[in-house]
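Trainee: dropping the sequence and predicted coords here.
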Amino acid sequence: MSQIVTIGAEPRDRAGKGAARQTRREGRIPAVIYGGKEQPLLISLEFRQFDRVLRTPGFFTHLFDVSVGGANHRVLPRDVQFDPITDRPTHVDFLRISAGSTITLMIPVEFANQEKSPGLKRGGVLTIVRHEIEFTVPADAIPEHITVDCTGFDVGESIHISAVKLPAGVKPVISDRDFTIATITAPSGLKSEEGAAAAETPAA
C-alpha cells in the first residue's frame, strides 16, 4: 500500500452547472465527496496540485486525505471528467472510505520471474489476457498491483487466478471459474518447426 497523500480543498456552497463553471473560471476544479452514510460534500481543488496527483501511476487505486476546513476526509477517486478539447480535468468524484469497509475496483497485474519460465526462456511469448482484474479489497489496504509469478510455466500452459498468491482480504469478483490471466504461447518459428516435424512423422 502506498503512502496516503493529502490534497487541499475548499468548500463550495452551491451545486449546478453555473456554479461549476464559475469554479473553473477561478482556476479550480469542482469536486464532490460522497458515501459513508453522510451527506455529499461539495468542494473545489487547486488545479496544479490536483493535476500533479492525477498524473501519478495508479491514481484510481490510491487513497487520499482531502483536507477541507481543517478536517481530513479519507477518500478514493472514483471518476474524473475531462474537457474534450483541452483534456483538463473538469470534475472529480471521491468516495468516502471508512475503517473496515471493503470496495470493488480494478487492480493492475504485473508479471514477475519471467526469466524463471522455461517457456519464455525457450523463446515463448507471454500473452496477457487480463492487464487488470476486478477485486473486492479492504478499503484501508488496497494493493497497488497483483503480482503473477511466471516461475515454472512452459510453452502451451496458462496461468490461472488459482496460481496467484493474493494479499490478505483480496478476492476476485469472478468466483465461479478459474479464469485465465495469461498464457505462454509458442513463437512462430517454434510453431513452424513443430508443424514440420508432425508432417514428417509417418502415420502409425
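Mentor: All right, it came through fine.
Trainee: confidence-wise, which helix or strand of the chain is lowest on average?
Mentor: helix 188-200 (a mean of 55; mean pLDDT, DSSP states H and E).
Trainee: can you give the domain ranges for the chain?
Mentor: 5-96, 102-200 (automatic domain parsing).
Trainee: show me what the residue nearest to the spatial centre of the chain bridges to in the sheet.
Mentor: Geometric centre of the chain, nearest residue: Ile107, 3.7 Å, by C-alpha atoms, centre = their mean. On the basis of DSSP bridges, Ile107 is bridged to Ile133.
Trainee: the spatially closest residue to Phe82 that is not a sequence neighbour: neighbouring residues, count only.
Mentor: Take Phe82 and drop its neighbours on the chain: the residue closest to it by C-beta to C-beta, 6 or more residues apart in numbering is Pro89, 5.8 Å away. From N, CA and C alone the C-beta is placed, and that goes for glycine too. By the criterion of other C-beta atoms under 10 Å, Pro89 has 19 neighbours.
Trainee: against Ala139, how distant is Pro89?
Mentor: 23 Å (C-beta to C-beta, to the nearest Å).
Trainee: ditto for Lys116
Mentor: Using C-beta to C-beta, we find Lys116 at a distance of 34 Å from Ala139.
Trainee: if we ignore the residues flanking it in sequence, what's nearest Arg74?
Mentor: Ile97 (4.7 Å).
Trainee: next up, the contacts around Leu105.
Mentor: Phe60, Thr61, Leu76, Glu134, Phe135, Val137, Ile142 (C-beta atoms under 8 Å, 6 or more residues apart in numbering).
Trainee: what about the first one, neighbour count?
Mentor: Going back to what we said before, that points to Phe60. 15.
Trainee: circling back: just the contacts of Leu105 now: which is nearest Ala163?
Mentor: The shortest approach to Ala163 among these belongs to Phe135, at 15.7 Å (C-beta to C-beta).
Trainee: pretty sure the closest one is in a helix, no?
Mentor: No. Counting by DSSP: H, G, I helix; E, B strand; the rest coil, Phe135 falls outside a helix, being strand.
Trainee: can you offset everything so residue one is 25?
Mentor: Sure, I'll start counting at 25 from here, so that last one is Phe159.
Trainee: how many residues are close by it?
Mentor: By other C-beta under 10 Å, neighbour count at Phe159 equals 22.
Trainee: ok, it touching Val194?
Mentor: Yes. Judged on C-beta atoms under 8 Å, Phe159 makes contact with Val194 at a distance of 5.3 Å.
Trainee: any shared contact partners between those two?
Mentor: Going by C-beta under 8 Å, 6+ apart, residues that sit against Phe159 and also against Val194 are Ile131, Ile170.
Trainee: all strands for this protein, in order.
Mentor: Here the chain has its strands, by DSSP state E, at 29-35, 52-58, 65-70, 88-92, 95-106, 113-120, 126-136, 149-152, 156-162, 170-173, 182-184, 195-196, 204-209.
Trainee: what about the spatially closest residue to Leu78 that is not a sequence neighbour, distance to Ile127?
Mentor: Take Leu78 and drop its neighbours on the chain: the residue closest to it by C-beta to C-beta, 6+ apart is Pro113, 6.2 Å away. Distance, Pro113 to Ile127, by C-beta to C-beta: 22 Å.
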